[in-house]
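Trainee: sequence and predicted model, in that order:
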Amino acid sequence: MTLLDPVWTSLLYLAAAVFFILALRGLSSPRTARRGNLIGAFGALLAVVTVFLSARLDNIPWIIGAIAVGTAVAAPVARRVKMTQMPQLVALFNGVGGGAAALVALLELSHTGDPWVRLAIVFTLLVGAVSFAGSGVTFAKLQELMTTRPVVFPGLPVVMAAVLLAAVGTGVAVVLTGSLPLAVLLMVLGLAAGALLVLPVGGADVPIVISLLNAFTGLAVAASGVVLGNVLLVVAGTLVGASGTILTRAMAAAMGRSVAGILFGAFKGGSTAGSTVVSERPVRSSSAEDVAVLLGYAQRVIIVPGYGLAVAQGQHTAAELALALEARGIVVDFAIHPVAGRMPGHMNVLLAEANVPYESLKEMGEINSEFRTADVALVVGANDVVNPAAKTSSGSPIYGMPILEVAEARQVIFLKRSMRPGFAGIENDLLYEPQTSLLFGDAKDSLAKVLGAVKAL
């Protein structure tokens, strides 16, 4: 006996699907992202409640217990995670989703003899396992539990091809026989394929692979919806798969690279992970007071935020500095590169947290033509997204990536902790140009000193 008849169940599932679509629309803009996230969460809650009211469930205490444990673990983690660690958290979410879909498909194998359903089970097992293992490797790379550089070894393409061929053959056997041991073997092969797929990826390509794995997880969830006969899972998984694919292509375009080049570029030296050798060439360093004078008497200032700002949690100080400059009649904008930080929108979210007006956040295509009118470009913790090597050095790992045209400003100031290269691991020749000066130190501390000096002018 269920509390909802099929008609009401279908209507509530339709409502949840509409909420998911509205959530994606809201997430397309920083201004509406918070509302979009809440709409999506409500849609997920509605879907779960509908399942409880419409299905004949066994082992309800175990289900409720699992939800309670998951909530007890996830809520504190989500509240405590830092903005700099959001990509790692997203990678974990991807992996858990893909792994869960694969396990559900494995359990359903013994309940069906339909070859088409078995085909959906095979797809879910393989893609879910790839997503789980690949997301685990990306998490380890971003968390620096392992090297962020490409990991390759002689014969890797051959090993990868062999694993994929074995997975296809095993998948065909599972469809024909419904063998559980073969299904487990298929999961193991999927795990190996996921690890082998991500290990050769390094540098600034890693966050893009997270987006690709997110699309994989969505496809696995959609296929599990076919296995379970649940239309809402099909809809939700398809939305995630489509949005993840679109985002992956957008990020790859922002890097000036193809998705194939990102995944397999290390085989021919094309990854965005370069040398990590620190140059000993001289640079022009400045004090906070010198920087304050340049900023305080400028007419136009463009601030370029990067991962270093997020690490230092200096977004509030940067916002306060912008307000202090605007109080002196100076025009201030923030230039946002699509892949600044560790994920798309990283800088938008960071600065929105500090109440920087959305109108002051200018995307790369909008702001690039304005650098030539800027008296000062203040680069706070960014490196790769302003590196002229992307335009001038055909041998550079980031060659072809669109960049913020910081070099066209009259004066360029870098706030850096040290001379270490950025996430892509390559040197930035702009640091040594005559119009460039560097203020060394923690980004938040440096901004606070500059802000104090500006107020004292």
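Mentor: Perfect, I can see it now.
Trainee: where in the stretch 151-300 of the chain is pLDDT low?
Mentor: By pLDDT under 70, the low-scoring segments of the stretch 151-300 of the chain are 203-204, 255-257, 264-281.
Trainee: all strands for it, in order.
Mentor: With strands called from DSSP state E, counting those that start in this stretch, the stretch 151-300 of the chain shows them at 300-305.
Trainee: elements contacting the helix ranked longest in the chain?
Mentor: The helix spanning the most residues in the chain, taking DSSP state H as the definition, is helix 115-142. Judged by 3 or more C-beta pairs under 8 Å, 6 or more residues apart in numbering; DSSP states H and E, the packing partners of helix 115-142 are helix 86-108, helix 156-177, helix 180-198, helix 206-228. All C-beta atoms are positioned from the backbone trio N, CA, C, and that covers glycine.
Trainee: now do the contacts for residue 305.
Mentor: Taking C-beta atoms under 8 Å, 6 or more residues apart in numbering as the criterion, residue 305 is in contact with 315, 318, 334, 336, 340, 347, 350-351, 380-382.
Trainee: excluding chain neighbours, what is closest to the most centrally placed residue in the chain?
Mentor: Within the chain, the residue whose C-alpha comes closest to the C-alpha centroid is residue 343; the distance, by C-alpha atoms, centre = their mean, is 3.5 Å. Sequence neighbours aside, residue 87 is the residue nearest to residue 343 in space, at 4.7 Å (criterion: C-beta to C-beta, 6 or more residues apart in numbering).
Trainee: could you report the neighbour count for the one you found?
Mentor: Number of residues near residue 87 (other C-beta atoms under 10 Å) recorded here: 22.
Trainee: equivalent analysis for the one 4 residues further on, please.
Mentor: Other residues near residue 91 come to 28 when the count uses other C-beta under 10 Å.
Trainee: wait, it touches residue 133, no?
Mentor: No: in this structure, residue 91 sits apart from residue 133 without contact. The criterion is C-beta atoms under 8 Å, and the distance is 11.5 Å.
Trainee: tell me the contacts of the closest residue to residue 457 other than its chain neighbours?
Mentor: Setting aside the residues directly before and after it, residue 457 is nearest to residue 296 in space (C-beta to C-beta, 6+ apart), at 4.5 Å. Residue 296 sits next to 325, 328, 330, 454, 457 when contact means C-beta under 8 Å, 6+ apart.
Trainee: go again using 10 Å as the cut-off
Mentor: When contacts are counted by C-beta atoms under 10 Å, 6 or more residues apart in numbering, residue 296 is found next to 324-325, 328, 330, 376, 450, 453-457.
Trainee: check residue 253 too.
Mentor: Listed by C-beta under 10 Å, 6+ apart, the contact set of residue 253 reads 259, 338, 401-402.
Trainee: and if we set it to 8 Å?
Mentor: If a contact means C-beta under 8 Å, 6+ apart, then residue 253 has no contacts.
Trainee: give me the neighbour count for residue 348.
Mentor: Other residues near residue 348 number 22, with proximity taken as other C-beta under 10 Å.
Trainee: correction: the previous question concerned residue 230.
Mentor: Applying the criterion other C-beta under 10 Å, we find 18 residues in the vicinity of residue 230.
Trainee: now residue 119
Mentor: Neighbour tally, residue 119, other C-beta under 10 Å: 17.
Trainee: gap between it and residue 185?
Mentor: Note on residue 119: its distance to residue 185, by C-beta to C-beta, to the nearest Å, is 17 Å.
Trainee: check residue 221 too.
Mentor: Separation of residue 221 from residue 185 (C-beta to C-beta) stands at 23 Å.
Trainee: more neighbours, those two?
Mentor: The residue with more neighbours, out of residue 221 and residue 185 and counting by other C-beta under 10 Å, is residue 221; that gives 27 against 18.
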